[in-house]
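Asker: Whatever this is, show me its structure:
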Amino acid sequence: MNLRDRYDAATAGLEAPLAVVDLDAFRSNAAGLARRAAGKPIRVASKSVRCRALLDEVLAMDGFAGIMAFTLPEALWLARHETSDDILVAYPTADRTAIAALAADERAAAAVTLMVDSDAHLDLIEEAAGGRPVRVCVDIDASYRPLGGRLRFGARRSPLHSPEQVRGLAERIVKRPGLRLVGLMAYEAQIAGVGDRPPGRPARARAIQAMQRRSRLELAIRRSKIVKAVRELADLEFVNGGGTGSVETTAREKAVTEIAAGSGLYQPHLFDHYSNFSGRPAALFALPVVRRPGPGVATCLGGGYLASGPGDAMRLPQPYLPSGLSFDPDEGAGEVQTPLLGPAADRLRVGDRVWFRHTKAGELCERFAELHVIDGDRLVRTVPTYRGEGGTFL
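Answerer: The predicted model follows:
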């Protein structure tokens, strides 16, 4: 049975639009991430999963430990549900109410670590926590800045780039009795989040690969110096690095104690273009065909599930099954309808389904209250997403 028939059979009793997770592909992707990490634990990036049942699934597997949350309210929610007793909030927070709630909850305060990269964060946390202890981690800028900084590759995150800058903030943290420095993090977005094999662009691929080689070497040296400098001041519990696209190379750095990853579990189409790994599409959504406007056109209900990031064609979901479908360039993926073009459209009838892949992993779950978990051609369970549990954290 081919994939499309398998997915159609498993969800035959359900009405589309709907979203599914292929359990065999999910587990295969998780095992692949763990192999690439070569024994270093993987902290699961929850923003790429956004479903407690599937977080439980992957955390029960060998090679995975801890969660990297995207907001403090989410971290508190996960701590209350005992999803993990080790939750790192990946981004700084200015939510005073949530910080106060964290500091007042002894169990959550022992489980959750906040991210900081400036004195402003330290002041805000201490004030909101009312003198009660809070765990913190310093976010390091992992961007690559060749030619004396005239070029920059990587996400605009922390202002702390050099060992001296990071050590300076660490020194100020350890002098504050209400803060406990427990970790360092550096996310190399220019490696982990950029595929080095863009389709049909060999010259760009060579340029990306050259940049990434140089960036890996520069960051490994700089990160080692930073970790050494900060370990002289604090007993660090973890040094986090990497992402789905750089698991094996980041894991080889002695200074790094754990890897962050999440997107590779669902394998959205943004992660199809890497030379160092390949995954299986595990999260998909189906839209029903509701119109046949003319030859070579089939119109689906909904579908405007655009991903975050720069406004380009890569933010569109990808028609996946049946193959041979494409968007109308004048309409794209629409809020209430999505016309699809191509010879395959003439084989679709009203009521048939078209299966899509989202560009980014967990963002799909903001569109659906449930994920239907399938194994082979069977629906084995239906689980709520964060949205389905009322957990809207951004």
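Asker: contacting residues for the nearest residue to residue 385 once chain neighbours are set aside?
Answerer: Leaving aside its chain neighbours, residue 385 sits nearest to residue 365 (4.0 Å; criterion: Cβ to Cβ, 6 or more residues apart in numbering). Heads up, the C-betas are built off the backbone N, CA and C, glycines and all. By Cβ atoms under 8 Å, 6 or more residues apart in numbering, residue 365 lies in contact with 19, 49-51, 371, 385-387.
Asker: Can you pull up the most central residue in the protein?
Answerer: Of all residues in the chain, the one closest to the mean position by Cα atoms, centre = their mean is residue 48, 3.5 Å from it.
Asker: so that residue makes contact with residue 265?
Answerer: Yes - judged on Cβ atoms under 8 Å, residue 48 makes contact with residue 265 at a distance of 6.7 Å.
Asker: if we can go back for a sec, now the residue nearest to the centre of the chain: phi and psi?
Answerer: Main-chain dihedrals, residue 48, degrees, to the nearest 10: phi -90, psi 0.
Asker: what's in contact with the lowest-mean-pLDDT helix or strand in the chain?
Answerer: Ranking every helix and strand in the chain by mean pLDDT, DSSP states H and E puts helix 189-192 at the bottom, with a mean of 92. With contact meaning Cβ under 8 Å, 6+ apart, helix 189-192 is reached by 142-144, 153-155, 157, 211-212, 215-216, 242-246, 249-250.
Asker: what packs against the helix or strand just after it?
Answerer: Downstream of helix 189-192, the first helix or strand assigned by DSSP states H and E is helix 202-231. Helices and strands touching helix 202-231, as assessed by 3 or more Cβ pairs under 8 Å, 6 or more residues apart in numbering; DSSP states H and E, comprise strand 134-140, helix 163-174, strand 179-186, helix 189-192, strand 238-241.
Asker: one step back: what values do phi and psi take at the residue nearest to residue 385?
Answerer: Torsion angles, degrees, to the nearest 10, at residue 365: phi -70, psi -10.
Asker: Could you check how far it is from residue 305?
Answerer: Distance of residue 365 to residue 305, computed by Cβ to Cβ, to the nearest Å: 11 Å.
Asker: Select only the buried ones of the contacts of helix 189-192 in PyMOL?
Answerer: With 16 or more other Cβ atoms under 10 Å as the criterion, this PyMOL line picks the buried residues out of these:
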select buried, resi 142+143+144+153+154+157+211+212+215+216+242+243+244+245+246+249+250
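Asker: Good, wrapping up.
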